[in-house]
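*Asks:* got a sequence here, can you build the structure:
(one chain, ligands or ions: 2)
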Amino acid sequence: MVKVAINGYGTIGKRVADAVALQDDMEVIGVSKTRPNYESKMAVQKGYNLYVGIPEREKSFAEAGIEISGTVDDMIEEADVVVDCTPGNIGPENLKKYQKAGVKAIYQGGEKHTLTGLSFNSFGNYADSLGKDCTRVVSCNTTGLTRSLKPIEDFVGIKKIRAVMVRRGGDPYQVNKGPINAVVPNPPTVPSHHGPDLATVMYGANIVTVALLVPTTLMHQHNLMVELRDDVSVDDIIDVWEKRSRILLLNAKDGLGSTAEFMEYAKELGRSRNDLFEIPIWKESINVVDGELFYMQAVHQESDVVPENIDAIRALLELEENNEKSIAKTNKAMGIL
Ligand SMILES: NC(=O)C1=CN([C@@H]2O[C@H](COP(=O)(O)OP(=O)(O)OC[C@H]3O[C@@H](n4cnc5c(N)ncnc54)[C@H](OP(=O)(O)O)[C@@H]3O)[C@@H](O)[C@H]2O)C=CC1
Ligand SMILES: O=C(OP(=O)(O)O)[C@H](O)COP(=O)(O)O
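*Replies:* Ligands and ions are numbered 1, 2, ... in the order given. Below you'll find the model as predicted:
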């Protein structure tokens, strides 16, 4: 069993921890928090060993009556691999610790590609992370783009991609984020970082993205325009996506015409935290006009990258050489469609 530590038990970290716990070839040896709040208490209640992310704060956990197993440095020493789910830009400091301890590391999309020089998507470039010391799972938005675009690239070839990314203002718990009443070009420059980020896992992708922030917390939403290398029909495209996992073709006419309804659908799936690991694509939005594919999709930002983190652990530790086998194993353990 590979020993996995989760550094940062927040939106992504707590989901990755639970997903690791579901696998039969890896185990959670600890999770870290910097604040002794309800999440710290619940991590301990769930049976995870809790470590203090900022060692000087050990006393505050004792004062709150929360049992800890040590500091983050102790946790790193115990691990074969650390999944770093701390907020973006803390990574460079942590990387020194991981390297000193000789432990492998997986970063998230809030860190720059240059930190690791290698990014990861299960469908895009799994093999490139085999046996490596560290990699970076691309962001929720980039993961969503890769999920739907890679099968199209493999099927017919892509000349050019343009995407308009409508991004959620903040996660549901983030009371201090916004906007509350505005549409904000974010960034106000073109391209946004998502296009170049896609090319770190789908090499050679010719893509330009523009991005906006809107007052919603539920999901991101993407609008894609894709120039294809050959003539294909809408049915061909549907057929390609139907054969892939981690993509859902859903119908607006079935009452699923919005991100709010997608999240209601996720609740009906009955998963922990109402997560939607798959990327839902509105089936009615798929069209091919003059060799150009159009479609609209959404991204549950809190959860879509979680299965990719599991596959990234298998790649770094060389538990499975074949990406499709890892994807199938992760899907089965997590009940992913
Ligand atoms: N949320 C999202 O939509 C997505 C986020 N990502 C990326 O995942 C990463 C994590 O994001 P997210 O889960 O949202 O972040 P959160 O803020 O929800 O969680 C961050 C966690 O890291 C801990 N932490 C904070 N500061 C430190 C520190 N100095 N050292 C160690 N741990 C620390 C926090 O502990 P405490 O609360 O105790 O301070 C918390 O448990 C980022 O790179 C982000 O860009 C990727 C895809 C989607
Ligand atoms: O990685 C994300 O988005 P991104 O792909 O737009 O960078 C997550 O949704 C976190 O984004 P945030 O930086 O707005 O918290």
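*Asks:* how about the closest residue to ligand 1 within the stretch 51-200 of the chain, nearest residue that isn't a chain neighbour?
*Replies:* In the stretch 51-200 of the chain, the residue found nearest to ligand 1 is Gly110; the distance is 2.3 Å by Cβ to the nearest ligand atom. All C-beta spots, glycine's among them, are computed from the backbone N, C-alpha and C. Of all residues not flanking Gly110 in the chain, Gly88 sits nearest, at 2.5 Å (Cβ to Cβ, 6 or more residues apart in numbering).
*Asks:* tell me the secondary structure at that neighbour.
*Replies:* coil (DSSP: H, G, I helix; E, B strand; the rest coil).
*Asks:* can you verify my assumption that it contacts Glu111?
*Replies:* Yes. A contact is recorded between Gly88 and Glu111 when judged using Cβ atoms under 8 Å, the distance being 5.9 Å.
*Asks:* looking at those two, which one has more neighbours?
*Replies:* The residue with more neighbours, out of Gly88 and Glu111, is Glu111; 23 against 12, by other Cβ atoms under 10 Å.
*Asks:* circling back: tell me how many other residues crowd the residue of the stretch 51-200 of the chain closest to ligand 1.
*Replies:* Residues lying near Gly110 (other Cβ under 10 Å) number 17.
*Asks:* who's in contact with the residue nearest to Gly110?
*Replies:* For Gly88, the contacting residues are Gln108, Gly109, Gly110, Glu111, by Cβ atoms under 8 Å, 6 or more residues apart in numbering.
*Asks:* could you dump the residues you listed into a markdown table and include secondary structure and pLDDT?
*Replies:* Written out in a markdown table, the entries for the contacts of Gly88 read as follows (DSSP: H, G, I helix; E, B strand; the rest coil; pLDDT from 0 to 100):
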| residue | secondary structure | pLDDT |
| --- | --- | --- |
| Gln108 | coil | 98 |
| Gly109 | coil | 98 |
| Gly110 | coil | 97 |
| Glu111 | coil | 97 |
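*Asks:* for the residues you listed, name the two members farthest from one another.
*Replies:* Put simply, by Cβ to Cβ the two of those set farthest apart are Gly109 and Glu111, 7.2 Å from each other.
*Asks:* overlap of the contact sets of the two?
*Replies:* Gly88, Arg136.
*Asks:* spell out which parts of the stretch 1-150 of the chain neighbour ligand 2.
*Replies:* For the stretch 1-150 of the chain, the residues found near ligand 2 under the criterion Cβ under 6 Å from any ligand atom are Gly109, Gly110, Ser139, Cys140, Asn141, Thr142.
*Asks:* count of residues packed around whatever residue of the stretch 151-300 of the chain ends up closest to ligand 2?
*Replies:* Distances between the stretch 151-300 of the chain and ligand 2 by Cβ to the nearest ligand atom are smallest at Arg167, namely 5.3 Å. When neighbours are counted by other Cβ under 10 Å, Arg167 registers 22.
*Asks:* the helix or strand it falls within - contacts with which helices or strands?
*Replies:* In this structure, Arg167 sits in strand 158-168 according to DSSP states H and E. In this structure, strand 158-168 makes packing contacts with helix 140-156, helix 194-198, strand 207-214, strand 220-228, judged by 3 or more Cβ pairs under 8 Å, 6 or more residues apart in numbering; DSSP states H and E.
*Asks:* from Arg57, how far out is the residue of the chain positioned farthest from its centre?
*Replies:* For the chain, the largest distance from the centre (Cα atoms, centre = their mean) belongs to Glu63, which lies 34.5 Å off. The span separating Glu63 from Arg57 equals 10 Å under the rule Cβ to Cβ, to the nearest Å.
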